[in-house]
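Trainee: okay, structure incoming, though there's no sequence with it:
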């Protein structure tokens, strides 16, 4: 039966091969359920089902599973639907307190929908090709760096087996001169260990070249798209790219407080009785944004003659510990970074903008 007069939330539990959808009304009552294949045709089937049953007043609440939910999210956004990302931790908590026991795909999808009803201020998803490009480039670069690190660790043990005195300096094998010096020594040796070490060194040299190419692309991207953010003291090009990519469209946050909460930087109260006023940082939120802002905060706290350093020293003078002062600085930086990203977004000229009448 069609229920077009009420708002309907469609919760999605996503998997590699199937997606399960459960629709609930504004009071959380289940009004529909559907399982489809995790393909473009399956997504179109789910969209047609939801529109046919419940009209156009739809909100799609999707458990934020990164790669698993990305394709579904893009298809729904392309169809003009409103999509909200629900953190898995919030879904799990909703399932824990629900009267329904056990675990299944419909139960999880229902928990996702009801989690959104409990927290309607969750940031909506958005199509933002600039931030998506930055995220894809940063993620691929980090994968290459991780592969290179594992290869370096293996190579160091082989060098230690051959001759500990020829071990390169710590954290030096990403530099060409140290790579070539080690290679010149390895080619003079015989045996399988030396052969394997030389093969791994060639992999490291090739990975380093590929990482540098990604560095160039990211450098050009952030200089073009977020020059205002890049001007923030302590915010390097990789941190700027991380913030741009993980924010996934800064306009989906209506306030800087929403952005800080999404980043896990907004303080939460943890007091009772004589401990009134005590707070701590939430352990939820986007840890990638949190990490990037933490790097900026650490750098500013050490940089003299900066506003961040002055604010950090002020909090120390008020009697706060170094950890508490750094938390305050991170919260302040979240506000600054939100405003800078918003400024860059407003100044950005994208081909998707329609021509002025």
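Mentor: Done, it's in. Just so it is clear, the model here is predicted, and its values are computed rather than measured. Numbering: from 1, shown residues only.
Trainee: element containing the closest residue to residue 320 other than its chain neighbours, please.
Mentor: Nearest in space to residue 320, with sequence neighbours left out and distances taken as Cβ to Cβ, 6 or more residues apart in numbering, is residue 328 at 7.0 Å. Yep, even glycine has a C-beta here, placed from its N, CA and C like the rest. Assigned by DSSP states H and E, residue 328 belongs to helix 322-347.
Trainee: and that helix, what does it pack against?
Mentor: The helices and strands touching helix 322-347, judged by 3 or more Cβ pairs under 8 Å, 6 or more residues apart in numbering; DSSP states H and E, are helix 227-230, helix 237-247, helix 256-262, helix 287-302, helix 307-317.
Trainee: and the shortest one, how far out from the chain middle?
Mentor: Just to be clear, that refers to helix 227-230. Between the centre of helix 227-230 and the centre of its chain there are 19 Å (Cα atoms, centre = their mean, to the nearest Å).
Trainee: average pLDDT for that helix?
Mentor: Within the predicted structure, the mean pLDDT of helix 227-230 is 94.
Trainee: pull out the buried residues from that helix.
Mentor: Within helix 227-230, the residues scored as buried using 16 or more other Cβ atoms under 10 Å are 228-230.
Trainee: repeat for the longest one
Mentor: Buried positions in helix 287-302, judged by neighbour count with 16+ other Cβ under 10 Å: 288-290, 292-294, 296-301.
Trainee: show me where pLDDT drops low in the stretch 251-357 of the chain?
Mentor: Within the stretch 251-357 of the chain, the set of residues satisfying pLDDT under 70 comprises 273, 275-277, 279-281, 283-284, 349-357.
Trainee: and which of the buried residues of helix 227-230 is nearest residue 70?
Mentor: Closest approach to residue 70 among the buried residues of helix 227-230 (Cβ to Cβ): residue 229, at 24.2 Å.
Trainee: that closest one against residue 235, yeah?
Mentor: Yes: contact status for residue 229 versus residue 235: in contact at 6.3 Å, counting by Cβ atoms under 8 Å.
Trainee: joint contacts of the two?
Mentor: 243, 337 (Cβ atoms under 8 Å, 6 or more residues apart in numbering).
Trainee: residues contacting the spatially closest residue to residue 233 that is not a sequence neighbour?
Mentor: Computed as Cβ to Cβ, 6+ apart, the closest residue to residue 233 that is not its neighbour in sequence is residue 306, at 5.0 Å. By Cβ under 8 Å, 6+ apart, the contact set of residue 306 is 233-234, 300.
Trainee: want to throw the residues you listed into JSON lines with distance to residue 216?
Mentor: Formatted as JSON lines, the contacts of residue 306 follow (distance: Cβ to Cβ, whole Å):
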{"residue": "233", "distance to residue 216": "23"}
{"residue": "234", "distance to residue 216": "22"}
{"residue": "300", "distance to residue 216": "26"}
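Trainee: return the member of those nearest to residue 221.
Mentor: When those are compared for distance to residue 221 (Cβ to Cβ), residue 234 comes out closest, at 19.5 Å.
Trainee: ok, now which ones touch that closest one?
Mentor: For residue 234, the contacting residues are 295-300, 303, 306, 308, by Cβ under 8 Å, 6+ apart.
Trainee: chain neighbours aside, what residue packs nearest to it?
Mentor: The spatially closest residue to residue 234, leaving aside those adjacent along the chain, is residue 299, at 3.3 Å (Cβ to Cβ, 6+ apart).
Trainee: pretty sure the one you found is touching residue 292, no?
Mentor: No: between residue 299 and residue 292 there is no contact, the gap being 11.1 Å when judged by Cβ under 8 Å.
Trainee: next helix or strand past the helix or strand that contains residue 74?
Mentor: Residue 74 belongs to helix 67-78 when elements are defined using DSSP H and E. Sequence-wise, the next helix or strand downstream of helix 67-78 (DSSP H and E) is strand 82-86.
Trainee: pull out the buried residues from stretch 316-326.
Mentor: For stretch 316-326, by 16+ other Cβ under 10 Å, it's 316, 324-326.
Trainee: just stretch 152-160 next, same as before
Mentor: Judged by neighbour count using 16+ other Cβ under 10 Å, the buried positions of stretch 152-160 are 152, 155-156, 158-159.
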